[in-house]
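Asker: structure for this input, please:
(one chain, ligands or ions: 3)
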Amino acid sequence: MKEIFPSVPAIRYEGAGSKNKFAFKYYDAERVILGKPMKEHLPFAMAWWHNLCATGTDMFGRGTADKSFGAEEGTMAHAKAKVDAGFEFMKKLGIRYFCFHDVDLVPEADDIKETNRRLDEISDYILEKMKGTNIKCLWGTANMFGNPRYMNGAGSTNSADVFCFAAAQVKKALDLTVKLGGRGYVFWGGREGYETLLNTDVKFEQENIARLMKMAVSYGRSIGFKGDFYIEPKPKEPMKHQYDFDAATAIGFLRAYGLDKDFKMNIEANHATLAGHTFEHELRISSINGMLGSIDANQGDMLLGWDTDEFPFDVYSATKCMYEVLKAGGLTGGFNFDAKNRRPSYTAEDMFLGYILGMDTFALGLIKAAQLIEDGRIDAFVKERYASYESGIGKKIVSDEATLAELAEYAAKLGAPALPGSGRQEYLESVFNEVLFGRNE
Ligand code: XLS
Ligand code: CA
Ligand code: CA
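Answerer: Ligands and ions are numbered 1, 2, ... in the order given. From the prediction side, this is the model:
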């Protein structure tokens, strides 16, 4: 088959001194970190939508990038050309997973029966392509936000007919995920939210979202889906209020409706910052609740209030992310680059350069997070900070043996407690810098 990206070679690790733009400087797939090769710590995935579909269209102008891959857009020939391009792309970068929405794969027809027929055809073609490679699906999902019928949401819509279309799409997307060996299935609540309470029954809408999710779990399990379902929290955009605001909100929702055994979180960095959190905050909240499943690896722009989906470049953030992931014992999902090139970076080479940046940033993050753990000063400090609970009255508190009256008596005896130990934030930040940058002369 003719190469689609002839100007880009297979990307290899050449190390930090290399000036070759088509080489990894830090991502060395076989390098062992804390007992595991990098490629196992970092199951990277390609996002079908941004990489193979998005052309850079924005509210003010047309696309700048040509993603026709030699075929006429809107045809099945184009759908297949995208598969060819995607597989060549993943092979050249050594990426082993992809993520997709149903409508990323084929042009949507007016009738859902025809859309589903096209999905069967393209998934057969993808399966053929997967043969003889180690490339698999990380997760699948249904796009329940683009079509005008979803203007008021999918699970949360006011129209029972639209709810049925959402159910039909979820069913088909689950079929495809299972067919392509997916590890997970994502619900990102695109338009599951509201603009004004004047026309909205929030309780009813949330109950219906839970109903759709329960049906998905029961259908998924019935066709042999063993992976995790994920909620991907996001606080706003496109809706003003989105129901899955952040990890804490989504976890509360899952517990309220008895869905917490089948679902975990898919945490996206850009959504975390839109919610007014750091990426690592969202990861920690998920992980302490046993719900850290997968990651959408990207970053936002702190000067802009929307979802810019940039390729990860911030090594501090990637290091803090990998620190959380290592502490959690890894992911059952992976790292999906839900990221797009900036509009003026419109060439095919830029598609590769974006992924090289992202993969190297996370490789650096992994190396540095492992060094922080091996260094041990941060861990030791945190342990020491809570040492007053290891003996005496503190131990009684955490063993649930103390009563309020007893503690009040203890306090009265003391008169006034000594101030808690210093938080030492500046010291810890300097330890962090030292591990990141080492000696510099
Ligand atoms: C949009 C979301 C979306 C999900 C999948 O903001 O990031 O792309 O990841 O539907
Ligand atoms: Ca995402
Ligand atoms: Ca996003």
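Asker: for the nearest residue to Gly190 once chain neighbours are set aside, give me its contacts.
Answerer: In space, and not counting its chain neighbours, Gly190 is closest to Phe145: 2.8 Å by C-beta to C-beta, 6 or more residues apart in numbering. For every residue, glycine as well, the C-beta is placed using N, CA and C. With contact set as C-beta atoms under 8 Å, 6 or more residues apart in numbering, Phe145 has these partners: 154, 190-191, 238.
Asker: so which of the residues you listed wins on neighbours?
Answerer: The most crowded member of the contacts of Phe145, judged by other C-beta atoms under 10 Å, is Ala154 (27 neighbours).
Asker: helix or strand for it, which one?
Answerer: Using DSSP states H and E, Ala154 maps to neither a helix nor a strand.
Asker: model confidence at it, what's the number?
Answerer: As predicted, Ala154 sits at a pLDDT of 98.
Asker: and Arg439, by the same measure?
Answerer: So Arg439 comes in at 72 (pLDDT).
Asker: ok, Ala16 next?
Answerer: Reported pLDDT for Ala16: 96.
Asker: circling back to that earlier point, from the contacts of Phe145, which has minimum pLDDT?
Answerer: Among these, Gly190 has the lowest pLDDT, at 91.
Asker: check which helix or strand covers that residue.
Answerer: Assigned by DSSP H and E, Gly190 falls within no helix or strand.
Asker: got it, and Tyr230?
Answerer: For Tyr230, the element it lies in under DSSP H and E is strand 228-232.
Asker: next structured bit after that strand?
Answerer: Taking DSSP H and E, what comes next after strand 228-232 is strand 241-242.
Asker: leaving out sequence neighbours, find the closest residue to the residue minimising distance to the centre of the chain.
Answerer: Nearest to the mean C-alpha position of the chain, counting by C-alpha atoms, centre = their mean, stands Asp296 at 2.2 Å. Closest residue to Asp296 apart from its sequence neighbours, by C-beta to C-beta, 6+ apart: Glu268 at 3.5 Å.
Asker: hmm, that neighbour is touching Phe337, no?
Answerer: No. The pair Glu268 / Phe337 is not scored as a contact, 10.8 Å apart, by C-beta atoms under 8 Å.
Asker: what parts of the stretch 101-250 of the chain come near ligand 1?
Answerer: Contact residues, the stretch 101-250 of the chain versus ligand 1 (C-beta under 6 Å from any ligand atom): 101, 141, 186, 188, 232, 234.
Asker: show me what contacts Leu176?
Answerer: By C-beta under 8 Å, 6+ apart, the neighbours of Leu176 are 100, 102, 105, 119, 123, 140.
Asker: mind checking pLDDT for it?
Answerer: Here, the pLDDT recorded for Leu176 equals 98.
Asker: need the three-state assignment for it.
Answerer: helix (DSSP: H, G, I helix; E, B strand; the rest coil).
Asker: one step back: give me the sheet partners of the strand holding Tyr230 and which way each runs.
Answerer: strand 184-188 (parallel), strand 263-268 (parallel) (DSSP bridges).
Asker: what's the offset of the helix or strand following the longest one from the middle of its chain?
Answerer: Once the chain leaves strand 263-268, the next helix or strand it forms, by DSSP H and E, is helix 269-274. Averaging C-alpha coordinates over helix 269-274 and over its chain gives two centres that are 10 Å apart (C-alpha atoms, centre = their mean, to the nearest Å).
Asker: what mean pLDDT does the helix or strand following helix 269-274 get?
Answerer: Later in the chain than helix 269-274, the nearest helix or strand by DSSP H and E is helix 279-288. Regarding helix 279-288, the rounded mean pLDDT is 98.
Asker: burial check on whichever residue of the stretch 51-200 of the chain sits closest to ligand 2, number of neighbours?
Answerer: Across the stretch 51-200 of the chain, no residue is closer to ligand 2 than Trp188, which sits at 6.0 Å (C-beta to the ion). Neighbour count of Trp188, defined by other C-beta under 10 Å: 23.
Asker: give the contact list for the nearest residue to it once chain neighbours are set aside.
Answerer: Setting aside the residues directly before and after it, Trp188 is nearest to Glu232 in space (C-beta to C-beta, 6+ apart), at 4.0 Å. Glu232 makes contact with 186-189, 244, 265-268, 271, 296 under the criterion C-beta under 8 Å, 6+ apart.
Asker: buried ones among those residues?
Answerer: Those of the contacts of Glu232 that meet the buried threshold are 186-189, 244, 265-268, 271, 296, by 16 or more other C-beta atoms under 10 Å.
Asker: pLDDT added to the residues you listed, as TSV?
Answerer: Output for these, formatted as TSV (pLDDT from 0 to 100):
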residue	pLDDT
Val186	99
Phe187	98
Trp188	98
Gly189	95
Asp244	98
Met265	99
Asn266	99
Ile267	99
Glu268	98
His271	98
Asp296	98
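Asker: residues in contact with the closest residue to ligand 3 within the chain?
Answerer: At 4.1 Å from ligand 3, Asp307 is the closest residue in the chain, using C-beta to the ion. By C-beta under 8 Å, 6+ apart, the contact list for Asp307 reads 234, 237, 270-271, 274, 300.
Asker: Leu274 now?
Answerer: Counting by C-beta under 8 Å, 6+ apart, Leu274 touches 234-237, 300, 305-307.
Asker: dump the residue contacts of the closest residue to ligand 2 within the stretch 301-441 of the chain.
Answerer: Residue of the stretch 301-441 of the chain nearest ligand 2, by C-beta to the ion: Asp338 (3.8 Å). With contacts defined as C-beta under 8 Å, 6+ apart, Asp338 is in contact with 47, 50, 99, 268, 270, 296-298, 309.
Asker: roughly how far does the nearest residue to it once chain neighbours are set aside sit from ligand 1?
Answerer: Counting by C-beta to C-beta, 6+ apart, Asp338 lies nearest to Asp296, which is 3.9 Å off, once chain neighbours are set aside. Distance of Asp296 to ligand 1, computed by C-beta to the nearest ligand atom, to the nearest Å: 5 Å.
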